[in-house]
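Visitor: need a 3D model of the sequence below.
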Amino acid sequence: MELYIKKFEELTNQELYKIIEARINVFVVEQDCPYHECDNKDQDSFHLFYQEQDQIAAYLRIIPSGLSYPEVSIGRVLVKKEFRRQGLGLKQMQQAISFIQNNMDTEVVRISAQEYILDFYKSLGFEVVSDRYLEDDIPHYEMLLKL
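Guide: Model (predicted):
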């Protein structure tokens with residue numbers, strides 16, 4: 001399994017297609033949550049993904065400050081069903097945090113976390129900084145990580 005971190009313009013057409021396919025399959029199909037997949041943030045983000053042969057196993061995007069929040073943020077975090085329970089979610093978040101620390105001028109990272117996975121993000125050092133809110137009819141909390 002290979003790790004990649006690429007800017008939008010570095011992605012091949014096939015990689016971009018597989019990323020969008022994985023995001024739609026997890027968030028729209030699996031979670032039954034229609035949302036705006038194409039939000040014009042991908043073009044300015046870094047795309048971190050683990051690939052097994054020609055399949056996206058896990059993915060997230062690192063969004064520069066000023067696009068989603070005043071702070072750098074991490075979003076669209078997913079592990080495809082057949083690759084879950086192997087530690088990939090933790091591994092990719094650790095890689096993302098390390099990348100942010102080494103390549104981006106920031107002291108904090110903000111995320112919008114689904115309620116069911118709060119403990120996972122807390123284990124990485126994120127702290128809840130908002131009340132519960134609904135995003136696409138799914139309970140979420142904003143969380144911050146101080147680097």
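Visitor: would you map the strands across this structure?
Guide: Secondary structure of the chain (DSSP state E): strands located at 2-7, 46-52, 55-63, 72-79, 108-114, 127-128, 133-135, 138-146.
Visitor: take those and write them to JSON lines, including distance to residue 19, mean neighbour count and mean pLDDT.
Guide: C-beta coordinates here come from the backbone N, C-alpha and C atoms, glycine included. Compiled in JSON lines, the strands of the chain are given as follows (distance: least, Cβ to Cβ, whole Å; neighbours: other Cβ atoms under 10 Å; pLDDT from 0 to 100):
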{"stretch": "strand 2-7", "distance to residue 19": "10", "mean neighbour count": "13", "mean pLDDT": "97"}
{"stretch": "strand 46-52", "distance to residue 19": "6", "mean neighbour count": "20", "mean pLDDT": "96"}
{"stretch": "strand 55-63", "distance to residue 19": "6", "mean neighbour count": "22", "mean pLDDT": "96"}
{"stretch": "strand 72-79", "distance to residue 19": "9", "mean neighbour count": "23", "mean pLDDT": "96"}
{"stretch": "strand 108-114", "distance to residue 19": "19", "mean neighbour count": "21", "mean pLDDT": "96"}
{"stretch": "strand 127-128", "distance to residue 19": "28", "mean neighbour count": "13", "mean pLDDT": "98"}
{"stretch": "strand 133-135", "distance to residue 19": "21", "mean neighbour count": "12", "mean pLDDT": "92"}
{"stretch": "strand 138-146", "distance to residue 19": "21", "mean neighbour count": "17", "mean pLDDT": "96"}
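Visitor: okay, the ones you listed in TSV with distance to residue 34 next?
Guide: Shown next, in TSV, are these (distance: least, Cβ to Cβ, whole Å):
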stretch	distance to residue 34
strand 2-7	27
strand 46-52	22
strand 55-63	19
strand 72-79	15
strand 108-114	16
strand 127-128	26
strand 133-135	12
strand 138-146	11
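Visitor: looking at those, which is nearest to residue 102?
Guide: For residue 102, the closest of those is strand 2-7, at 10.8 Å, according to Cβ to Cβ.
Visitor: so how far is that closest one off the chain centroid?
Guide: Distance of strand 2-7 from the chain centroid (Cα atoms, centre = their mean, to the nearest Å) equals 13 Å.
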